[in-house]
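Colleague: here is the input, now give the coordinates:
(chains A and B)
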Amino acid sequence: MKIDARRAMIALLFVFGGGSLWGEALTQLAGEIDAAGLREAVAREKGHVVLVNFWATWCVPCREEFPSLARLQERNRSAGLRVVGVSTDFENQRPAVEKFLAERRPPFPNYHRKKGGDDQAFIDAVDSRWGGELPFSVLYDRSGRKVRAFSGKLPISAAEREIRKLLANP
Amino acid sequence: MRLFRPILVLAALCALSAAAVAATPAVGAAAPDFQLTTIDGKSFSLSSEAKSHKAVVVMFISTQCPYSNAYNDRMRDMASAYASKGVLFVGINSNKNENSATASSHAKAHGHTFPIMKDPGNKVADLYDAQHTPTVYVVDPQGKVRYEGRIDENYEDPAGVTSPDLKNALDSLLAGKPVAKTVTKAFGCSIKRV
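Modeller: Take a look at the predicted model:
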C-alpha cells in the first residue's frame, strides 16, 4: 500500500511538476484507479485528446495491440495525444502486470484497477454500452467529451484517422 | 475526385462503426434458436431442451480465459444443484482458437458433465451478440431470454460473493416471480471470432 502511495505521488509530481508521463518509457504502474479516479485523470488532460485502453496481461488481443498503442502514442504525442492504460488483471496477478510493464516499457502511464466495488459499476461508469469484454478503448476529445468507444482490438488505422481529426481541432 | 471525398469519409465512418460497441440483446425477447453437436457427439436443440426444462442456462465459456476458468467449480456445482430442479446448464465454446479436443479435456478436468458444444464460425455467439466469456443467458420454457450477464460479481473469491445474480434469476424464475436484476455485467475475455 505504501508502495502504491509512493508511485501515485511520483505520478502526481510528474503531472504537477511540469513533467509528463507521456513519451518516457514507463516501467511501473502509475497507481491504482477507480471510476472516479479515471474521470479525474481524463479531466486533468483537458486540452489533449485522450485514449483510455483497458487491458489485462492474460488477454491475448490486449497484449497483441500493446505495441500498436505505444506507436500510436509516439506518432501523435507532440500533436497532443495522451494514451492511458488501465489493467483489469486480478489482484493476485499484479506481479505479472508489473513484469509486463517492465518488459514493454510503454510511453504512456498505466494504472491498475482498484480492487473492491462491483465491476458493473466500474464498467457502466466508463461506458454504459460496454459489456466488460477486453480489450476496450474509449476516445475523448480535447474538451474531455467521450466521442467513441471501441470493443475488441483497436482498428489502429481508422482510429488514428479519428484521433487526428480530433487533434486538428484546437 | 472531390465528389468521391464524402463517400470515402462515409466509408471510413462505417468501418469505425462496425468496430464500435455492439447493441445489448433484449431480455424478454425470443432466445435465438440453435442446433449444435455436443463434444461427445450428441445433437442439441435449444428450442427442444427449453420446452422440456424449467430453464436452460446457456453459458459462453472458454478453456483459456482466466475469468471463465475462475467459474469452473461454480458452473459444475450450479449445474449439479439445479439439475434436480429442472434446469439444464449448457456450455458453448465459440473461440476459434480452442478445438473440441481441448474443450473435452477441459470439461473432464473440471467435472463439467453438462452438455458442451463447439460453435463453428461463432454463429451462435453472433446470434446472441455474446462478446465475452463467461456470459450466461437464462432461457425459459417459452424460449424467452429472462436473464443475461454474469454468474456473480466476485470472480476472485467464491466465498465472498454478495450478488449471486444467476442464482437469484433462476430462483425467481422457478418460484414464478419476476427476475429483479435481468442484465448484469462483469469483465471477461473477448470471444475469439473467425
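Colleague: from here on, just use CA atoms for contacts and neighbour counts.
Modeller: OK.
Colleague: what is the neighbour count of the closest residue to chain A within chain B?
Modeller: Proximity of chain B to chain A (C-alpha to the nearest C-alpha) peaks at B:Phe187, 4.1 Å away. Neighbour count for B:Phe187, taken as other C-alpha atoms under 10 Å in any protein chain shown: 26.
Colleague: quick check: closest non-adjacent residue to B:Ser172.
Modeller: Nearest residue to B:Ser172, sequence neighbours excluded (C-alpha to C-alpha, 6 or more residues apart in numbering or on different chains): B:Val179, at 5.5 Å.
Colleague: so how far is A:Glu64 from the residue in chain A positioned nearest to chain B?
Modeller: Minimum separation of chain A from chain B (C-alpha to the nearest C-alpha) falls at A:Gly132, amounting to 4.1 Å. Here A:Gly132 is placed at a distance of 19 Å from A:Glu64 (C-alpha to C-alpha, to the nearest Å).
Colleague: B:Arg150 now?
Modeller: Distance, B:Arg150 to A:Glu64, using C-alpha to C-alpha: 26 Å.
Colleague: the more surrounded of those two?
Modeller: Using other C-alpha under 10 Å as the criterion, B:Arg150 and A:Glu64 rank with B:Arg150 on top: 24 against 11.
Colleague: right, and the more buried one touches B:Ala186 too?
Modeller: Yes. B:Arg150 sits in contact with B:Ala186 when judged by C-alpha atoms under 8 Å, with a separation of 6.1 Å.
Colleague: lowest mean pLDDT among the helices and strands of chain B, which one is it?
Modeller: helix B:4-19 (a mean of 39; mean pLDDT, DSSP states H and E).
Colleague: may I see the buried residues of the next helix or strand after that helix?
Modeller: Sequence order places strand B:35-37 as the next helix or strand after helix B:4-19, per DSSP states H and E. Going by neighbour count (16 or more other C-alpha atoms under 10 Å in any protein chain shown), the buried part of strand B:35-37 is B:Leu36.
Colleague: who touches the helix or strand that strand B:35-37 is followed by?
Modeller: Reading on from strand B:35-37 to the C-terminus, the next helix or strand found by DSSP H and E is strand B:43-45. Here strand B:43-45 makes contact (C-alpha atoms under 8 Å, 6 or more residues apart in numbering or on different chains) with B:33-38.
Colleague: one more time with 7 Å
Modeller: Here strand B:43-45 makes contact (C-alpha atoms under 7 Å, 6 or more residues apart in numbering or on different chains) with B:34-38.
Colleague: centre of the chain to it, how far?
Modeller: 16 Å (C-alpha atoms, centre = their mean, to the nearest Å).
Colleague: report the buried residues of it.
Modeller: For strand B:43-45, a neighbour-count test (16+ other C-alpha under 10 Å) marks B:Phe44 as buried.
Colleague: same thing with stretch A:73-85?
Modeller: A:73-74, A:76-77, A:80-85.
Colleague: now do that stretch: distance from first to last residue.
Modeller: First-to-last residue span, stretch A:73-85, C-alpha to C-alpha: 11 Å.
Colleague: helices or strands up against the longest helix seen in chain A?
Modeller: Longest helix in chain A, counting residues (DSSP state H): helix A:60-76. For helix A:60-76, the elements it packs on are strand A:81-87, judged by 3 or more C-alpha pairs under 7 Å, 6 or more residues apart in numbering or on different chains; DSSP states H and E.
Colleague: now the strand it packs on, how far from the chain's geometric center?
Modeller: The answer for strand A:81-87 is 2 Å, by C-alpha atoms, centre = their mean.
Colleague: direction included, what does that strand pair up with?
Modeller: Using DSSP bridges, the neighbouring strands of strand A:81-87 in the sheet come out as strand A:49-55 (parallel), strand A:110-113 (parallel).
Colleague: and the last one, C-alpha only, in CSV?
Modeller: Taking Å, rounded to 0.1, in the frame of the first residue of the first chain, the C-alpha atoms of strand A:110-113 are listed here in CSV:
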residue,chain,number,x,y,z
ASN,A,110,-0.8,2.5,-16.9
TYR,A,111,-2.9,2.1,-13.8
HIS,A,112,-4.2,-1.0,-12.1
ARG,A,113,-7.9,-1.0,-11.4
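Colleague: do I have it right that the residue nearest to B:Ser172 meets B:Asp171?
Modeller: No. Counting by C-alpha atoms under 7 Å, B:Val179 does not reach B:Asp171; the two are 8.6 Å apart.
Colleague: and the residue of chain B closest to chain A, what's its pLDDT?
Modeller: B:Phe187 carries a pLDDT value of 93.
Colleague: contacting residues around it?
Modeller: B:Phe187 neighbours (C-alpha under 7 Å, 6+ apart): A:119, A:132-133.
Colleague: host element of A:Ala159?
Modeller: Following DSSP H and E, one finds A:Ala159 within helix A:156-168.
Colleague: what's the angle from that helix to strand A:81-87?
Modeller: 130 degrees (axes from the mean of the first three to the mean of the last three C-alpha atoms, to 10 degrees).
Colleague: buried residues in helix A:156-168, which are they?
Modeller: Buried, per 16+ other C-alpha under 10 Å, within helix A:156-168: A:159-160, A:162-163, A:166-167.
Colleague: for B:Gly143, state which of those residues is nearest.
Modeller: A:Ala159 (39.5 Å; C-alpha to C-alpha).
Colleague: quick one: low-confidence parts of the chain?
Modeller: In the absence of a named chain, chain A is used. Where chain A drops to pLDDT under 70, the residues are A:1-20.
Colleague: you answered for a different chain; I wanted chain B.
Modeller: B:1-25.
Colleague: hmm, back to that, distance to B:Tyr137 for the buried residues of helix A:156-168 - can I get that in JSON lines?
Modeller: Below are the buried residues of helix A:156-168 laid out as JSON lines (distance: C-alpha to C-alpha, whole Å):
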{"residue": "A:Ala159", "distance to B:Tyr137": "32"}
{"residue": "A:Glu160", "distance to B:Tyr137": "36"}
{"residue": "A:Glu162", "distance to B:Tyr137": "35"}
{"residue": "A:Ile163", "distance to B:Tyr137": "36"}
{"residue": "A:Leu166", "distance to B:Tyr137": "39"}
{"residue": "A:Leu167", "distance to B:Tyr137": "42"}
